[in-house]
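> Sequence and computational prediction follow.
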Amino acid sequence: MSKYRPDVPNGGAITLEQMLTMRSGLFNYTETLELNTAMDKEPQRVWQPEELIALAFAHQPYFAPGQGFHYSNTNTVLLGLIAEKVGGKPLGDLFKERILEPLGLKGTVFPDISSNGIPEPHPQGYFFGDNVLTMTNPALPEDMQKEATAGTLAPNDVTDVNPSWAWAAGSGISTAADLKTLGEGLVNGKLLKPELQQQRLDSVTPTNPNNPTGASYGLGIAKFGNLYGHTGELPGFNTFMGSDPINGVTLVVWTNLAPTADGKDPAVTIARSLIDKVYRPSS
């Protein structure tokens, strides 16, 4: 990593593979009080990628490179900056040339960081509480959960929050139909050469070696049963995308509430229910 960014903590020992597999140990900037406080007070603030990684670099890494797993959006933002440096173009242009156009994703955009808008028509996004309140525990306090269940506590409309704080880690905007196409393209080898595609699928390993049947993650991809894919969440919106290349099954779930009052990711909860009760993998 130090080849591209000499300022990265432990950068001399961090590989791009460790960043893609979330095993670099770099602190997650979205877990900082500074970011969450600013998001509550200045929801339309435009964040520069360098500001985001500076928040992360002010904190010690979770562990030595390769010695654990911790999902950190800092990895993805750094990878976005590296992609721009190597590709010589803005990240949005690289996404368009290498992913959106080859797959024909006409309903997907990677907006400029100054943009707050979602292409019309679109649903509103809702979020209980605020970012600081749910920073360390996405579940609301018990009394607020009861109020939410009773309908006396309404979620906040966070549709117009500027997503620049997520940048390469999650500010893309898409449709359910495009996510289906993307999910299938990612597992069917439509974007990568066969050798690299197989390497990506084979990279998925348990995030906890002591729990081989638990969560698994690889080179920017997770596995849910026979489905390869990913989840995504910003306050107000939650997505699940998974595709099974063997059985030809793709599942996409969108919700416009995230997280729920009890701290759950609704799209993931729905997807797991569907996988368990409706989708029956052949192996």
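Structure received.
> measure Ser174 to Arg272 for me?
Going from Ser174 to Arg272 by Cβ to Cβ, to the nearest Å gives 21 Å. To be clear about C-beta, it is placed using only N, CA and C from the backbone, and glycine gets the same treatment.
> And for the closest residue to Glu17 other than its chain neighbours, the neighbour number?
The shortest distance from Glu17 to any non-neighbouring residue, by Cβ to Cβ, 6 or more residues apart in numbering, is to Leu219 (7.0 Å). Under the neighbour criterion other Cβ atoms under 10 Å, Leu219 is assigned a count of 17.
> Now for Leu219, which secondary structure element holds it?
For Leu219, there is no helix or strand it lies in under DSSP states H and E.
> mind listing what Asp262 touches?
By Cβ atoms under 8 Å, 6 or more residues apart in numbering, the contact set of Asp262 is 139-140, 145.
> Check Met241 too.
179-180, 182-183, 229-232, 250-252.
> Can I get the buried part of those residues as one ChimeraX selection?
In ChimeraX, this line selects whichever of the contacts of Met241 come out buried by 16 or more other Cβ atoms under 10 Å:
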select :179,180,182,183,229,230,231,232,250,251,252
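> can you tell me which of the contacts of Met241 are in helices?
In helices, defined here by DSSP state H, the members of the contacts of Met241 are 179-180, 182-183.
> coming back round to it: with neighbour numbers in mind, choose between Ser174 and Arg272.
Each of Ser174 and Arg272 has its neighbours counted (other Cβ under 10 Å); Ser174 has more, 22 against 15.
> per-residue pLDDT, the more buried one?
You'll see Ser174 listed with a pLDDT of 96.
> nearest residue to it other than its sequence neighbours?
Once flanking residues are discounted, Ser174 sits nearest to Thr108: 4.1 Å by Cβ to Cβ, 6+ apart.
> repeat for Leu257
In this structure, Leu257 finds its nearest non-sequential neighbour in Tyr126, 4.7 Å apart by Cβ to Cβ, 6+ apart.
> What is the burial count for the nearest residue to Pro43 once chain neighbours are set aside?
In this structure, Pro43 finds its nearest non-sequential neighbour in Val161, 4.4 Å apart by Cβ to Cβ, 6+ apart. By other Cβ under 10 Å, the residues close to Val161 number 23.
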